[in-house]
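In: Sequence and predicted structure, then a few things I'm wondering about:
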Amino acid sequence: MSFLARIDDCNRWAPGDYIAFVVDGEQLGMVRTEFAQSLCEPDQAFVLTGLGLQWRSAPSGFEARTEAMQQVCDELIARGLISYRHGEQYPVTAGRRQDARFLIDRACAPYFGIRAFGQHINGFVRRPDGLWMWIARRSADRRVYPNRLDNMVAGGLPWGIALNDNLRKECAEEAGMPAQLADRAVPVGAITYCRASKRGLKPDVMYCYDLELPADFKPDCQDGEVAGFELMPIEQVAEIVRDTNAFKLNCNLVIIDFLVRHGVLTPEHPDYLEIVQRLRSLT
């Protein structure tokens, strides 16, 4: 196995299996061909054209369109085409989060290939023997990737909350961290990837942060999403990422980026340039 294999895991999809999801002439996502065909069956709200799947009945305006998409998703859940609703609203955008055209439920977004945004924190400790990283283990009852390893704090970025406020919230819920400590997190860039999943396509963006923690801090999950934490030497973390499938897939990319930026993974590595380039597969 290799670091490139981990990047490959997050970028597996067949473009020929998807068509554009278009609203008012603007591509906002990608849908599987069979899913698109099922949307066109009951009525003419959605139509297939040379541009892709067009939401022809989409009303004008942010609020009206958001409400209409909620009704669409409710109908698709009733028909068994979408499995469940998460309860968090995500922006539907062709680019920046703040340029949302309307909102969609987090669990429904992949069915339409909507770009989702999240925040991941590398919590680490600097010791005389090197860097150590706090690693979380996801709870056994998580719907997605139960029992897998995870970044110390990681979560989606819903609509209607600022990045700093969401970061504080996630740090408090997942690691029992006070706001004063969470505010020390340093934004270090963004990772992008595009991956096929059971629900559809995930062309996602993860805002990444480094948080150097005091030696006496121990994360303590407050919301039940994490079974426990372990402080590991960074070399061990690197080996787990490189040689196993123990981590939730996208967390591997966040850690690989940390390894590059902190000089653990150096230009002497034969795959260095390709690794650096492919951590940001979307524009």
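Out: Perfect, I can see it now. Numbers count the residues shown, from 1 in each chain.

In: domains in the protein, as residue ranges please.
Out: Annotated domains of the chain cover 3-11+117-278, 15-112 [automatic domain parsing].

In: ok now the shortest one, how far from the chain's centre?
Out: The chain centroid and the centroid of domain 15-112 are separated by 18 Å under CA atoms, centre = their mean, to the nearest Å.

In: now do the longest one
Out: Its chain's C-alpha centre lies 11 Å from the corresponding centre of domain 3-11+117-278 when counted by CA atoms, centre = their mean.

In: Now do it: distance from first to last residue.
Out: 11 Å (CA to CA, to the nearest Å).

In: Identify each buried residue in stretch 113-129, please.
Out: By 16 or more other CB atoms under 10 Å, the buried positions in stretch 113-129 come out as 113-125. Just so you know, the C-beta spots here come from the backbone N, C-alpha and C atoms, and that holds for glycine as well.

In: was I right about Tyr207 contacting Ile121?
Out: No - here Tyr207 does not reach Ile121: they are 9.6 Å apart, not a contact under CB atoms under 8 Å.

In: quick one: low-confidence ranges for the stretch 151-283 of the chain?
Out: Scanning the stretch 151-283 of the chain with the threshold set as pLDDT under 70 gives 282-283.

In: Sketch out the strands for it, chain order is fine.
Out: Assigned by DSSP state E, counting those that start in this stretch, the strands in the stretch 151-283 of the chain fall at 153-156, 186-197, 200-212, 226-233.

In: Just the C-alpha atoms of the last one, please, in PDB.
Out: The reference is to strand 226-233. Presented in PDB, the C-alpha positions along strand 226-233 are these (Å, rounded to 0.1, in the frame of the first residue of the first chain):
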ATOM      1  CA  VAL A 226     -16.400   9.100  19.400                       C
ATOM      2  CA  ALA A 227     -15.600   6.000  21.300                       C
ATOM      3  CA  GLY A 228     -12.200   7.200  22.500                       C
ATOM      4  CA  PHE A 229      -9.000   8.900  21.700                       C
ATOM      5  CA  GLU A 230      -5.300   7.800  21.500                       C
ATOM      6  CA  LEU A 231      -2.200  10.000  21.400                       C
ATOM      7  CA  MET A 232       0.200   8.400  18.800                       C
ATOM      8  CA  PRO A 233       3.600   9.400  17.500                       C
END
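
In: Pull the residues that contact it.
Out: 125, 129-140, 147, 150, 152, 174-175, 218-221, 240 (CB atoms under 8 Å, 6 or more residues apart in numbering).

In: re earlier: figure out which of the strands of the stretch 151-283 of the chain is closest to Phe46.
Out: Among the strands of the stretch 151-283 of the chain, the nearest to Phe46 by CB to CB is strand 200-212 (14.9 Å).

In: Next secondary structure after the top helix by length along the chain?
Out: When the chain is parsed with DSSP state H, its longest helix is helix 62-78. Using DSSP states H and E, the helix or strand that follows helix 62-78 towards the C-terminus is strand 89-92.

In: Name the strands paired with that next one and say parallel or antiparallel.
Out: strand 102-105 (antiparallel) (DSSP bridges).

In: so what secondary structure elements neighbour the next helix or strand after the strand it pairs with?
Out: Under the assignment DSSP H and E, the closest C-terminal helix or strand after strand 102-105 is strand 117-127. Other helices and strands packing on strand 117-127, by 3 or more CB pairs under 8 Å, 6 or more residues apart in numbering; DSSP states H and E, are strand 130-138, strand 149-151, strand 153-156, helix 163-175, strand 200-212, helix 249-261.

In: since we're on Thr192, how many residues are nearby?
Out: Using other CB atoms under 10 Å, the number of residues around Thr192 comes to 18.

In: how close does it sit to Ile240?
Out: 23 Å (CB to CB, to the nearest Å).

In: Much appreciated, bye for now.
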